[in-house]
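Trainee: coords below, sequence missing:
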C-alpha cells in the first residue's frame, strides 16, 4: 500500500469508536464530520476526507497525544497533513494542534 493508502487504513482502524460524534465546535471553528464541512471564522474551508479523519481523531481526543512513532500512522504523511491542516485552521489567536517534541501531536481546546 502507498503511504496515503496505508495512513487511511490505519486511521480507519483508530476510528472504530468515534463514528457517533458528528461535530466539533467552538467560537472559532465548526467541523461537521458527517458532511465533511468546515467553517472557520465564518468562512467555509475544505479538507480532504483523510484530513477530516485526522481532525476528528485529534479534536475528539483533546489532551491525548497522537504519536508519530509508526504504530499509528506513517510519520511523513502525518507531518504533511498536520502542516496542511494548520495552514487552514490556525490564526494569530488560535493554534489547535500542538507539537509534542519527539513524540507527536495534541489537540488544544478553546
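Mentor: Nice, I can see it. Note that the structure is a prediction, hence the values are computed from the model and not measured.
Trainee: from here on, just use CA atoms for contacts and neighbour counts.
Mentor: Noted.
Trainee: just for the protein, where's the confidence low?
Mentor: Along the chain, the parts satisfying pLDDT under 70 run over 1-3, 6, 8-20, 69-73.
Trainee: list the contacts for the residue lying closest to residue 41 once chain neighbours are set aside?
Mentor: Using C-alpha to C-alpha, 6 or more residues apart in numbering and skipping residues adjacent in sequence, the residue nearest residue 41 is residue 28, 5.2 Å away. Neighbouring residues of residue 28 by C-alpha atoms under 8 Å, 6 or more residues apart in numbering: 40, 41, 94.
Trainee: and those residues, which are buried?
Mentor: The neighbour-count test (16 or more other C-alpha atoms under 10 Å) marks residue 40 as buried among those.
Trainee: what residues does stretch 83-103 touch?
Mentor: For stretch 83-103, the external contacting residues (C-alpha under 8 Å, 6+ apart) are 28-29, 40, 45, 47, 51, 65, 67-69, 82, 105-110.
Trainee: so residue 81 makes contact with residue 49?
Mentor: No. Look at residue 81 against residue 49 with C-alpha atoms under 8 Å: they stay out of range, at 11.3 Å.
Trainee: compare the two and say which one has the larger neighbour count.
Mentor: Legend: neighbour count by other C-alpha atoms under 10 Å for residue 81 and residue 49, higher for residue 81 (17 against 13).
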